[in-house]
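Asker: Take this sequence and fold it.
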Amino acid sequence: MTPTITLNNLGKKFGKEWVFRKLSYEIVPNQKLLILGGNGSGKSTLLQVISGFVTPNEGRVEVFLDYARNDIDYARNDIDYARNDIDSLRHDNDSLRNDIDSLRHDNDSARNDAERSPIAIGTGRAHGNDNHKINPDKLRNYISFASPYLQLIEDFTLLEMIEHTRLFKPFLNSISSNEVIELIQLQSAKNKFIRQFSSGMKQRLKLGLAILADTPILLLDEPISNLDKNAIQWYKDLIAGYTVNRTVVVCSNAIADEHFFCNTELNVVDYKIQTIRKT
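Answerer: I've put the predicted structure just below:
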């Protein structure tokens, strides 16, 4: 089940300078969102706030399980069943009326369940019972993250790093550690220490661990940093193959190869507070 992420009036500052302020936005399930901004604009800070690694000075981030979408699917299934029954029971009007009444009752029940869920049908706006809100302490189970500044355990070999990661985040489709190594195309470095990796190899490993993790939310900060032409194509292939039915948020300096799959965008500059300096 893919959660909905709501950013409620977020503000973050360092010292007296606001990086962004009054930022409200909703990231819906399976959305592919591009966060735009130049160097120093605050896009990486926003991504870290979304992930829970950094605490905002104002506002809050809330993550809700999207029960309403499941209820909508159930209601659609009920409607499909009704259509099939109508076609097959036209010869018996009395039986047809009874079945239609029963199915209408099921549809009404499904709609009522959806209305009581934390996401409102039509708007996707989070509200209602906090029991449907993901506990911040559990948020790490729903999110995987990759960035150039993310630290790896340098004294681990590649295989040890993957095995260690698996303890906290299983991989999609229960793929094995050897399969992960093949997918990130680092077979020759299987028993090599991470500290001996080039910057490009480290970035490939970071991306692979995040993209292949079995999480519904994937956060990527400038993902093609330190990647050469061949590795960029590898990244694009991995994104195409492993992000269907997942929410992905990408920070980028408007580099097309990083965000080629995104369908919406948010520019952090739009949430800058202009400070008037006294002279």
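Asker: Now do the strands in this protein.
Answerer: 4-14, 17-27, 32-36, 58-64, 143-146, 217-221, 247-252, 264-267 (DSSP state E).
Asker: Could you dump those strands into a markdown table with distance to Val180, mean neighbour count and mean pLDDT added?
Answerer: Glycine gets a C-beta too; all of them are placed from N, C-alpha and C. Formatted as a markdown table, the strands of the chain follow (distance: least, Cβ to Cβ, whole Å; neighbours: other Cβ atoms under 10 Å; pLDDT from 0 to 100):
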| stretch | distance to Val180 | mean neighbour count | mean pLDDT |
| --- | --- | --- | --- |
| strand 4-14 | 27 | 18 | 95 |
| strand 17-27 | 27 | 18 | 95 |
| strand 32-36 | 23 | 21 | 97 |
| strand 58-64 | 26 | 18 | 93 |
| strand 143-146 | 13 | 22 | 96 |
| strand 217-221 | 16 | 24 | 97 |
| strand 247-252 | 19 | 24 | 97 |
| strand 264-267 | 30 | 15 | 96 |
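Asker: Could I get these in a markdown table, plus columns for distance to Asn230?
Answerer: Output for the strands of the chain, formatted as a markdown table (distance: least, Cβ to Cβ, whole Å):
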| stretch | distance to Asn230 |
| --- | --- |
| strand 4-14 | 33 |
| strand 17-27 | 31 |
| strand 32-36 | 24 |
| strand 58-64 | 36 |
| strand 143-146 | 19 |
| strand 217-221 | 19 |
| strand 247-252 | 20 |
| strand 264-267 | 27 |
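Asker: His132: which of those strands is closest?
Answerer: For the strands of the chain, the distance to His132 is smallest for strand 58-64, at 5.5 Å, taking Cβ to Cβ.
Asker: Show me what the closest one packs onto, helices and strands only.
Answerer: Applying 3 or more Cβ pairs under 8 Å, 6 or more residues apart in numbering; DSSP states H and E, one finds that strand 58-64 contacts strand 4-14, strand 17-27.
Asker: hmm, back to that, with respect to Ala231, which of the strands of the chain lies nearest?
Answerer: Closest of the strands of the chain to Ala231 is strand 143-146, at 13.4 Å (criterion: Cβ to Cβ).
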